[in-house]
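Visitor: Generate a structure from the sequence data that follows.
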Amino acid sequence: MGAKGWNKQAQDNAFVPLPVRDGVAPSYLWLPDEAWPSLLAFLVERFPMVSHDDWLDRMARGEVVDGKGTRLTPDTPYRKQMRLWYYRELPPETPVPFTETVLHRDEHLLVVDKPHFLPVIPTGRFLKETLLVRLKRDYELPHLTPIHRLDRETAGVVVFSLNPATRGIYQSMFQKRQMSKVYEALAAPLPGRTFPFTYRSRMVDGEEDRFFISREVEGEPNSETEIDVLERRSAAAWLYRLAPHTGRKHQLRLHMASLGAPILNDAFYPVALPCKGDDFRHPLQLLARTLSFTDPLTNEPRSFTSLRTLRVR
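Guide: Predicted structure coming up:
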């Protein structure tokens with residue numbers, strides 16, 4: 001459920017009045033400057049997918065509280081700018097039948113090899129079936145936070161912060177793109193090309209009815225990918241090495257599709273297909289193979305490599 005942009009995940013540097021539950025951190029929202037007869041009336045109106053009786057049940061369990069941890073009740077008056085905490089709840093989720101692998105752990109970082117189909121963080125219809133929630137639950141790591149993300153459809157290396165005291169240092173490094181990412185992809189052949197080569201284009205968000213994809217337009221390039229061939233596997237699929245020099249949404253997928261070699265099993269490019277739901281038979285053949293950087297704390301080089309392989313299904 002959403003709150004029209006108001007609900008947020010708990011932040012580690014703030015007091016959180018509700019504990020992590022089964023790996024799921026509580027969410028919060030700031031009540032807007034509006035007039036409502038009661039807090040309950042506001043919640044029922046703003047969260048149409050949650051019934052009146054469901055809110056009553058959550059309040060009775062003490063799972064709706066204010067910023068100080070005080071339980072809120074059906075009689076609680078509506079107070080503008082109050083911060084309200086609650087647990088996001090979804091109907092039972094279809095289990096993602098693939099497991100993650102921990103590649104490295106120290107006092108600061110947890111590096112994980114993510115499978116296809118598993119979102120990194122809770123979003124949309126995914127809550128417990130996400131990499132972050134699985135790791136928090138299985139390893140009892142309430143302060144775990146991803147430093148960067150991969151698409152749900154993409155497998156490979158993801159780095160998490162374990163230590164709130166050093167998190168900002170690593171996040172800053174990633175935001176400044178002080179790392180090297182290398183992906184692999186199975187896609188249609190590109191005969192006649194001289195490899196490696198660099199592809200550049202100007203990428204923007206999709207139209208209003210296709211906000212979930214990116215598109216290319218005329219203008220100064222703002223995306224760049226180095227493309228090479230690792231193996232010419234068949235007449236239908238080559239294995240490519242993709243090194244993005246920028247980090248636009250769906251950059252690798254759009255660039256390959258624009259070249260006439262869409263990544264195998266891509267449901268968005270070159271044509272956005274109907275949602276496959278929980279069909280796990282045909283994963284996108286895109287893998288975050290390696291992630292390398294100079295550690296900002298030790299000044300030593302570090303590199304992490306996925307153990308997964310790509311194959312046509």
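Visitor: For Arg21, see how far away the residue nearest in space to the middle of the chain is.
Guide: The geometric centre of the chain, computed from its C-alpha atoms, lies nearest to Val120 (C-alpha atoms, centre = their mean), at 4.1 Å. Distance, Val120 to Arg21, using C-beta to C-beta, to the nearest Å: 19 Å. C-beta here means a position set from N, CA and C on the backbone, and glycine is covered the same way.
Visitor: residue boundaries of the helices in the stretch 151-300 of the chain?
Guide: 164-175, 251-258 (DSSP state H, counting those that start in this stretch).
Visitor: low pLDDT regions in the stretch 151-300 of the chain?
Guide: Applying pLDDT under 70 to the stretch 151-300 of the chain picks out residues 208-209, 274-277.
Visitor: same thing but 80
Guide: By pLDDT under 80, the weakly predicted segments of the stretch 151-300 of the chain are 207-212, 273-278.
Visitor: would you list every one of the strands in the stretch 101-250 of the chain?
Guide: Here the stretch 101-250 of the chain has its strands, by DSSP state E, counting those that start in this stretch, at 101-105, 109-114, 145-146, 155-161, 180-187, 197-205, 214-217, 223-231, 238-244.
Visitor: Which neighbours in the sheet does the third one have, and how are they oriented?
Guide: Strand 145-146 has the following sheet partners, assigned by DSSP bridges: strand 155-161 (antiparallel).
Visitor: Can you tell me what sits against the strand it pairs with?
Guide: 103, 108-116, 120, 131-132, 135, 143-150, 167, 170-171, 174, 183, 283, 286-291, 304-306, 308 (C-beta atoms under 8 Å, 6 or more residues apart in numbering).
Visitor: Tell me the bridge partners for the nearest residue to Thr145 once chain neighbours are set aside.
Guide: Take Thr145 and drop its neighbours on the chain: the residue closest to it by C-beta to C-beta, 6 or more residues apart in numbering is Ser161, 4.9 Å away. Applying DSSP bridges to Ser161 gives these bridge partners: Leu109, Thr145.
Visitor: follow-up on the earlier one: tell me if I'm right that the residue nearest to the centre of the chain and Leu131 touch.
Guide: Yes: counting by C-beta atoms under 8 Å, Leu131 is a contact partner of Val120 at 5.0 Å.
Visitor: Between those two, which contacts overlap?
Guide: Shared contacts of Val120 and Leu131, defined by C-beta under 8 Å, 6+ apart, comprise Lys114, Pro146, Val158.
Visitor: ok, the second one - contacts?
Guide: By that I understand Pro146. Residues in contact with Pro146, defined by C-beta under 8 Å, 6+ apart, are Val120, Ile121, Leu131, Leu132, Val158, Val159, Phe160, Ser161.
Visitor: Local confidence estimate at the fourth one?
Guide: I take that to be Leu132. Predicted confidence (pLDDT) at Leu132: the value is 96.
Visitor: what's the distance between it and Ser51?
Guide: Distance, Leu132 to Ser51, by C-beta to C-beta: 28 Å.
Visitor: rewinding a little: distance check, the residue nearest to the centre of the chain against Thr101.
Guide: Taken as C-beta to C-beta, the span from Val120 to Thr101 is 15 Å.
Visitor: Also Ala257?
Guide: From Ala257 to Thr101 the distance is 29 Å (C-beta to C-beta).
Visitor: quick one, which of these two is more surrounded?
Guide: Ala257 (20 against 12; other C-beta atoms under 10 Å).
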